[in-house]
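Asker: sequence? don't have it. structure:
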Ligand SMILES: O=C(O)C1=C[C@@H](OP(=O)(O)O)[C@@H](O)[C@H](O)C1
Ligand SMILES: C=C(OP(=O)(O)O)C(=O)O
């Protein structure tokens, strides 16, 4: 199939814009799972509606929950989630969503029937074996044809005894999060122990613990790598979804790259989202960063390379690599070997695409080195990876004639990235805040 080509807009002036981003993927999908396991109907306000969250909603509906659109604040739509009286068997399309493929199997174990899970071709290559192993250790029958990967069938028996389980979650923190999210509904609760190289994406596990507590679960963190969830009911939720801070990365990067100014409204003062690390990161790369009640403002200035461990926020790597390719000094990104199992092998993809534009990038055992080099236009391939498309968009602001392949792949976590990008650039032309946005 011929993939589309999107000429990435080039910025001939500094951007000056106010950006309102849709809700967080990670929060929306955690709230959906907990709501489907709760004791009554929940309200998830201002949820993200993107491929990953719609797949989660449909997946939980396949197991008997109901997810309905209801009117929300300011003309928006919320989701009312009604749990099933008893979860049933069904078929779940995980697409390419790590959250769906890792969070649903531990829920499926509670269903009264067979739950079949499959997804995009690349989803079959993404790591899943530790989840299958942990469920088996807990007495759940899982048929994976010996592959430790999708497609698989979870033979739910309506209940899981629970207990203790050890697994190596170095390939994805989502293995731990998925087990914890279902754990309160296991008869004896669950103690999850990570054994192996350091766990990536710690803020995402902290987010899991926090949302579980929001639902009334009793969760104990025993040191860095052990979590205990007590058995018990989950209370219905009434929650507002924070804006997606990882998806703020390309927009804030636009300020850094063009020497402009971007405000992202609604930036929480306190959050477990890994994207919050952008504040320190952009500051270290030379931008001016300030957080106030109206949001986060980034003003671009000089752009320097950094030497940083991004294990906690691997999602940010492609956009940070774009910044690095445009910076005046070298960058080393460490602690992100697990990105080889993301939507694509992100380390290989970033190196290939920066190199294709004339840049200098190489893989290391656990990350990347990017060195300053003059870039030229060309095609940026995206490998079905939304964050590769975002990388291409950032490079295109500074380098004329960059074309991004299959920009629609950004729908995984943003319903209209090209539209938001154009609005940001139009804000720059009008020199005025976007309609309805608070002042800066
Ligand atoms: O739990 C979550 O919502 C996520 C955890 C992280 O996964 P990994 O630990 O696999 O990197 C992150 O990269 C992903 O985008 C979302
Ligand atoms: C790694 C990511 O997604 P997933 O939830 O599919 O793992 C991501 O969004 O960068």
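Answerer: Arrived safely. Here the structure is a predicted model, which means the values were calculated and not measured. Ligands and ions are numbered 1, 2, ... in the order given.
Asker: excluding its backbone neighbours, what's nearest the residue of the chain found nearest ligand 2?
Answerer: Using C-beta to the nearest ligand atom, the single residue of the chain nearest to ligand 2 is residue 98, 2.5 Å away. Quick note: C-beta positions are derived from backbone N, CA and C, even for glycine. Closest residue to residue 98 in three dimensions, ignoring its sequence neighbours and counting by C-beta to C-beta, 6 or more residues apart in numbering: residue 174, at 5.2 Å.
Asker: residue 279 now?
Answerer: Nearest-residue entry for residue 279: residue 289, 5.1 Å, with adjacent residues in sequence omitted and distances by C-beta to C-beta, 6+ apart.
Asker: that neighbour pairs with what?
Answerer: Assessed by DSSP bridges, residue 289 has beta-bridge partners residue 298.
Asker: now do the contacts for it.
Answerer: Residue 289 makes contact with 279, 282, 283, 296, 297, 298, 299, according to C-beta atoms under 8 Å, 6 or more residues apart in numbering.
Asker: repeat for residue 351
Answerer: For residue 351, the set of contacting residues under the criterion of C-beta under 8 Å, 6+ apart consists of 361, 362, 363, 368.
Asker: can you give me the neighbour number for the second one?
Answerer: Right, residue 362. Other residues within reach of residue 362, judged by other C-beta atoms under 10 Å, total 12.
Asker: follow-up on the earlier one: select only the buried ones of the contacts of residue 289 in PyMOL?
Answerer: To isolate the buried ones among the contacts of residue 289 in PyMOL, judged by 16 or more other C-beta atoms under 10 Å, type:
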select buried, resi 279+282+296+297+298+299
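Asker: closest to residue 144 among the contacts of residue 289?
Answerer: Compare each of the contacts of residue 289 with residue 144 using C-beta to C-beta and the shortest gap goes to residue 279, at 40.7 Å.
Asker: just to check, the closest one is in contact with residue 297?
Answerer: No: in this structure, residue 279 sits apart from residue 297 without contact. The criterion is C-beta atoms under 8 Å, and the distance is 10.5 Å.
Asker: where does pLDDT dip in the protein?
Answerer: Regions of the chain meeting the criterion pLDDT under 70 cover residues 428-440.
Asker: nearest spatial neighbour of the residue in the stretch 201-350 of the chain positioned nearest to ligand 1, chain-adjacent residues omitted?
Answerer: As assessed by C-beta to the nearest ligand atom, ligand 1 sits closest to residue 201 within the stretch 201-350 of the chain, at 3.3 Å. Nearest residue to residue 201 in three dimensions, chain neighbours excluded: residue 173, at 3.7 Å (C-beta to C-beta, 6+ apart).
Asker: for residue 368, same thing?
Answerer: Here the nearest residue to residue 368 in space, its sequence neighbours aside, is residue 333; by C-beta to C-beta, 6+ apart that works out to 4.7 Å.
Asker: now residue 390
Answerer: Nearest non-adjacent residue to residue 390, counting by C-beta to C-beta, 6+ apart: residue 250, 4.1 Å away.
Asker: do residue 186 as well
Answerer: With sequence-adjacent residues excluded and distances taken as C-beta to C-beta, 6+ apart, residue 186 is closest to residue 162, at 3.0 Å.
Asker: show me which residues of the chain sit near ligand 1.
Answerer: Counting by C-beta under 6 Å from any ligand atom, the positions of the chain adjacent to ligand 1 are 26, 98-99, 172-174, 177, 200-201, 204, 314-315, 338.
Asker: swap in 8 Å and give it another go.
Answerer: Applying C-beta under 8 Å from any ligand atom, we find that the chain lies next to ligand 1 at 25-26, 29-30, 98-99, 102-103, 169, 171-174, 177, 199-201, 204-205, 207-208, 246, 274, 313-315, 338-339, 341-342.
Asker: buried ones only from those residues, please, as a PyMOL command.
Answerer: Only the buried members of the residues of the chain next to ligand 1 end up in this PyMOL selection, burial being decided by 16+ other C-beta under 10 Å:
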select buried, resi 25+26+29+30+98+99+102+103+169+171+172+173+174+177+199+200+201+204+205+207+208+246+274+313+314+315+338+339+341+342
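Asker: leaving out sequence neighbours, find the closest residue to residue 255.
Answerer: Using C-beta to C-beta, 6+ apart, the nearest residue to residue 255 is residue 262, at 4.0 Å.
Asker: and the one you found, what is it in contact with?
Answerer: Listed by C-beta under 8 Å, 6+ apart, the contact set of residue 262 reads 15, 16, 17, 18, 19, 251, 252, 254, 255, 297, 298, 424.
Asker: let's see it at 10 Å
Answerer: For residue 262, the contacting residues are 14-19, 248, 250-256, 287, 295-300, 424, 427-428, 440, by C-beta atoms under 10 Å, 6 or more residues apart in numbering.
Asker: again, but for residue 340
Answerer: Counting by C-beta under 10 Å, 6+ apart, residue 340 has contacts 127, 171, 346, 347, 348, 349, 363, 366.
Asker: reformat those as a markdown table; add secondary structure.
Answerer: Shown next, in a markdown table, are the contacts of residue 340 (DSSP: H, G, I helix; E, B strand; the rest coil):
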| residue | secondary structure |
| --- | --- |
| 127 | coil |
| 171 | coil |
| 346 | helix |
| 347 | helix |
| 348 | helix |
| 349 | helix |
| 363 | strand |
| 366 | coil |
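Asker: which one of these is nearest residue 412?
Answerer: Distances from the contacts of residue 340 to residue 412 were compared by C-beta to C-beta; the smallest belongs to residue 346, at 13.6 Å.
Asker: that closest one and residue 391: what is the separation?
Answerer: Using C-beta to C-beta, to the nearest Å, residue 346 is found at 9 Å from residue 391.
Asker: what residues are shared contacts of those two?
Answerer: 317, 318, 321, 385.
Asker: can I see the domain layout of the protein?
Answerer: According to the domain assignment given by automatic domain parsing, the chain is divided into the following structural domains: 5-22+243-430, 25-240.
Asker: how about the contacts made by residue 402?
Answerer: Under the criterion of C-beta under 10 Å, 6+ apart, the contact list for residue 402 reads 6-10, 353, 357, 375-380, 392-396.
Asker: give me that answer again for 8 Å
Answerer: 7, 8, 10, 357, 377, 378, 380, 392, 395, 396.
Asker: count the neighbours of the nearest residue in space to the fifth one that is not next to it in sequence for me.
Answerer: Distances taken as C-beta to C-beta, 6+ apart put residue 401 closest to residue 377, at 2.7 Å, once the chain neighbours are dropped. Neighbours of residue 401 under the rule other C-beta under 10 Å: 13.
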